[in-house]
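>>> Would you be able to build a 3D model of this:
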Amino acid sequence: MLLDAVRRHAAAHCRNGVAPTPVPGLTVLRETMPTALQYGVSKPLVAIVLQGGKRVTMGDSTFDFGAGESLLITTDVPTVSQITRASAGVPYFSLVVDLDPTVIEGLVTEMGSVPFASGQPVRVDATDAEVTDVALRLMRLLDRPAALAVLRDQLVRELHFWLLSGRHGGAVRALGVTDSYAQRVARAVAIIRSDYTRALRVEVLAEAAGMSASAFHEHFRAITLLTPLQFQKQLRLIEARRMLIAEGVTIGNAAYEVGYESVPQFTREYGRMFGLPPARDIRAARTRLRATA
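Now for the predicted structure:
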């Protein structure tokens, strides 16, 4: 049973809720209590939930899901997540698989007939039995290094095949189709992520995506549910929050480091995104960290 295999791996390797595996892009998550809101930028992945429940919000869309369901994220997007159902007796467990565009591209070339799917870059569906089966076989190999070295790549490829063949197929396919709108927008997203502190130049992003400015705006919002400016703003605020909590920088320094020219503007926008002004949010976050230490 996949849950048993994941539970055993977490018991041996979990630290701060995360249990890495020898398979690149495969991670086990475990939480023994509901968590505070967590802000970050998710990359394309599938999270297979095996026990407990989670909530993910992106833009105006919120997804609640639990055991037997999978969360699919098909592009780099800012998300707000929270474990909602977990306890010491019944922990939250999930198996997270990073989607590999190179593997997907090779499979799409061979399969050829999987239709595209439009819609949101984040979605929740029941986990296909074939996905659960190959994930279990992959987990069972973690304690057999010699077999894992030989069989790992083909099992990862099989996992991607079943994702392409199942409920998520059309959305996953766009990641592996050369010059699809998803790949074009991904090029623009990569520029924003690498240079988010600078003033946003939409014409540069549109050129990188190979679109007119109007078409770029349309497809960027369709794929990320955000405008380029909203995307950049959320990246700035998420990074500033990380700096404030993890590095202990001052509020003013954090604001300027991520590209703000006005600390009052930064404070207002921080409060709108995170629900508290920076100083109060930092105190609350550090109190939570001490409580779980």
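
>>> To what extent is Glu257 buried, counted in neighbours?
The burial count assigned to Glu257 is 16, neighbours taken as other C-beta atoms under 10 Å. Using the backbone N, CA and C atoms, a C-beta is placed for each residue, glycine as well.

>>> show me the residues around the residue nearest to it when sequence neighbours are not counted that make contact.
Distances taken as C-beta to C-beta, 6 or more residues apart in numbering put Met243 closest to Glu257, at 6.5 Å, once the chain neighbours are dropped. Applying C-beta atoms under 8 Å, 6 or more residues apart in numbering to Met243 gives the contacts Val249, Asn253, Ala254, Glu257, Val258.

>>> What helices and strands are in contact with the strand of greatest length in the chain?
In the chain, ranked by residue count with DSSP state E as the criterion, the top strand is strand 77-85. Of the remaining helices and strands, those touching strand 77-85 by 3 or more C-beta pairs under 8 Å, 6 or more residues apart in numbering; DSSP states H and E are strand 38-42, strand 53-58, helix 228-242.

>>> Would you confirm that Ile48 belongs to a strand?
Yes: following the definition DSSP: H, G, I helix; E, B strand; the rest coil, Ile48 is counted among the residues of a strand.

>>> Just confirm Ile192 contacts Arg236, I think it does.
No: taking C-beta atoms under 8 Å as the definition, Ile192 is not a contact partner of Arg236, at 10.1 Å.

>>> tell me which element Gln154 falls in.
Secondary structure here is read from DSSP states H and E; on that basis Gln154 sits in helix 145-165.

>>> If I look at Ser113, what pLDDT would I see?
With respect to pLDDT, Ser113 has a value of 59.

>>> Going forward, count from 54.
With 54 as the first residue, the last one maps to Ser166.

>>> Tell me how many other residues surround Gly78.
Gly78 has 15 neighbouring residues, counting by other C-beta under 10 Å.

>>> any idea of the pLDDT on it?
The score at Gly78 is 92. That number is its pLDDT.

>>> What segments of this structure are strands?
Going by DSSP E, the chain shows strands at 71-73, 79-84, 91-95, 98-104, 106-111, 114-119, 122-126, 130-138, 145-151, 175-179.

>>> For my notes, please list these in JSON lines and give mean neighbour count and distance to Val187 for each entry.
Compiled in JSON lines, those are given as follows (neighbours: other C-beta atoms under 10 Å; distance: least, C-beta to C-beta, whole Å):
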{"stretch": "strand 71-73", "mean neighbour count": "15", "distance to Val187": "19"}
{"stretch": "strand 79-84", "mean neighbour count": "21", "distance to Val187": "11"}
{"stretch": "strand 91-95", "mean neighbour count": "16", "distance to Val187": "22"}
{"stretch": "strand 98-104", "mean neighbour count": "22", "distance to Val187": "11"}
{"stretch": "strand 106-111", "mean neighbour count": "19", "distance to Val187": "22"}
{"stretch": "strand 114-119", "mean neighbour count": "16", "distance to Val187": "20"}
{"stretch": "strand 122-126", "mean neighbour count": "22", "distance to Val187": "13"}
{"stretch": "strand 130-138", "mean neighbour count": "19", "distance to Val187": "25"}
{"stretch": "strand 145-151", "mean neighbour count": "22", "distance to Val187": "10"}
{"stretch": "strand 175-179", "mean neighbour count": "17", "distance to Val187": "16"}
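
>>> just for the stretch 104-253 of the chain, where's the confidence low?
The stretch 104-253 of the chain contains residues with pLDDT under 70 at 165-173, 221, 229-232.

>>> Helices of the stretch 154-303 of the chain, residue ranges please.
Assigned helices in the stretch 154-303 of the chain, in chain order: 154-164, 182-193, 198-218, 222-226, 234-247, 255-262, 266-277, 281-295 (criterion: DSSP state H, counting those that start in this stretch).

>>> Now do the shortest one: which elements does it pack against?
Helices and strands touching helix 222-226, by 3+ C-beta pairs under 8 Å, 6+ apart, are helix 154-164, helix 198-218.

>>> Using TSV, please lay out those helices together with distance to Val102.
Rendered in TSV, the data for these read as follows (distance: least, C-beta to C-beta, whole Å):
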stretch	distance to Val102
helix 154-164	22
helix 198-218	15
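
>>> and of those, who's closest to Gly263?
Gly263 lies closest, by C-beta to C-beta, to one member of these: helix 154-164, at 17.4 Å.

>>> Got the domain ranges for this protein?
As assigned by automatic domain parsing, the chain contains the domains 55-227, 232-279, 288-345.
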